[in-house]
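In: Show me the folded form of this:
(2 chains)
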Amino acid sequence: MKFGVIQFPGSCDERDALHAASLVGDAVLLWHRSHDLQGVDAVIVPGGFSYGDYLRAGALARFSPLMEEVERFARVGGPVLGICNGFQVLCESGLLPGALLPNTSLRFVCRQVALDVVDATTKWTGACARGDRLSMPAKHQTGRYWAPDPVLDELEANDQVVLRYATGNGFNGSARDIAGVSNHAGNVVGLMPHPEHAVDPLTGSADGLRLFESAALIAAAYPADLLGK
Amino acid sequence: MRARVLIRPKAGILDPQGQAVERALPALGFAGVRNVHIGRLVELDVEDPAQLPAMCEQLLANPLVEDYQIQRPDADHPDQSAGPDDSAEVTR
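Out: Below you'll find the model as predicted:
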């Protein structure tokens, strides 16, 4: 199992993502100007402030050459995880539905949150069970998930709401307490909280590992599923 | 051709920045202020203004959550030859 973590100018969580992925497989850093995914089995778009959040958070990163490859990879079913700014990038690039707006408080908030697993069938939550509660930090100012009501209804009907803030844990004003969503196929997942910062009990929780383990599980069980390999 | 694109949150989407400013103005003694919304202004010179809507749809605005308005300050100048489609303002 080989994970690739993309680094944009302004990324800041790529090292933690690399470390987290390396706990369950091999992991390489992929520079955003490259056109080569280096044969990875899964792609992680990490958190940070790609392109300084110029124009809108995530709006410019999607024009990086490597993102073309990521879109191709995602279309053939390759597992892609967007964390925080990575979630914003995937929404802006159209790989995930909806948009992330400024927190209703207009404040940058950093806190440990409890998340409920709503869909355990995606490539990034297969190692969880529906109803599992995961603890991990969230840290952002632009994390209010929004989509028009008919789209939200459709996401719920299609099991594309992957994670919700547990009751009392929502802080950013997200529609229906949504913390993470997937594409229709379930191979592309985005979430605002940070699984890569929750991989060791020493720092409060190792629950974040479950997402990385999920991708590894899928890769081990259905290697032919990945990338048409 | 000089153009100006005004981008604002779509109606109905919570605009906490606008709300914060709306609450701050009365604190300074400015009464009777309502419906404050805060957006962005993009000014640009373009060779082909017909491309502006596509630029807005694909990059300058996020059409899911933002409305945009294209203004061309020069287009209504009497010396400018303005075709039937050269309206000075395009709103979406």
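
In: Give me the contact list for the strand or helix carrying A:Val113.
Out: Using DSSP states H and E, A:Val113 falls within strand A:109-117. Identification of contacts with strand A:109-117 by Cβ atoms under 8 Å, 6 or more residues apart in numbering or on different chains yields A:103, A:125, A:128-141, A:162-166, A:169, A:171-172, A:179-180, A:191, A:193, A:204-205. Bear in mind the C-beta positions are built from the backbone N, C-alpha and C, glycine included.

In: Need the buried ones from the residues you listed selected in ChimeraX.
Out: To isolate the buried ones among the contacts of strand A:109-117 in ChimeraX, judged by 16 or more other Cβ atoms under 10 Å in any protein chain shown, type:
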select /A:103,125,128,132,134,135,136,137,138,139,140,141,162,163,164,165,166,169,171,172,179,180,191,193,205
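
In: hmm, back to that, given the helix or strand following the strand holding A:Val113, what are its sheet partners and their directions?
Out: Heading C-terminal from strand A:109-117, the first helix or strand you meet, by DSSP H and E, is strand A:133-140. Within its sheet, strand A:133-140 is paired with strand A:109-117 (antiparallel), according to DSSP bridges.

In: and stretch B:45-58, anywhere near chain A?
Out: No. Judged by Cβ under 8 Å from any Cβ of the partner chain, stretch B:45-58 makes no contact with chain A; its nearest approach is 10.1 Å.

In: how long is that stretch end to end?
Out: 18 Å (Cα to Cα, to the nearest Å).

In: Centre of the chain to that stretch, how far?
Out: Centroid separation between stretch B:45-58 and its chain, computed with Cα atoms, centre = their mean, to the nearest Å, is 14 Å.

In: Could you give me the buried positions within it?
Out: Across stretch B:45-58, burial judged by 16+ other Cβ under 10 Å covers B:49, B:52, B:55-56.

In: just stretch A:59-68 next, same as before
Out: Under the neighbour-count criterion of 16+ other Cβ under 10 Å, stretch A:59-68 has A:59-62, A:64, A:66-67 buried.

In: and which of these is nearest A:Asp13?
Out: Checking the buried residues of stretch A:59-68 against A:Asp13 with Cβ to Cβ, the nearest one is A:Ala61 at 13.5 Å.

In: wait, the closest one sits on A:Gly52?
Out: No. Using Cβ atoms under 8 Å, A:Ala61 makes no contact with A:Gly52, being 10.5 Å away.

In: Which stretches in chain B count as helices?
Out: Here chain B has its helices, by DSSP state H, at B:16-27, B:52-55.

In: Show me what the first one is packed against.
Out: In this case it means helix B:16-27. On a contact count with 3 or more Cβ pairs under 8 Å, 6 or more residues apart in numbering or on different chains; DSSP states H and E, helix B:16-27 meets no helix or strand.

In: related to what we said a few turns ago, filter the buried residues of stretch A:59-68 down to the ones close to chain B.
Out: Near chain B, judged by Cβ under 8 Å from any Cβ, the entries from the buried residues of stretch A:59-68 are A:Ala59.

In: Run the chain-centre distance for stretch A:179-186.
Out: In terms of Cα atoms, centre = their mean, the centre of stretch A:179-186 is found 9 Å from the chain centre.
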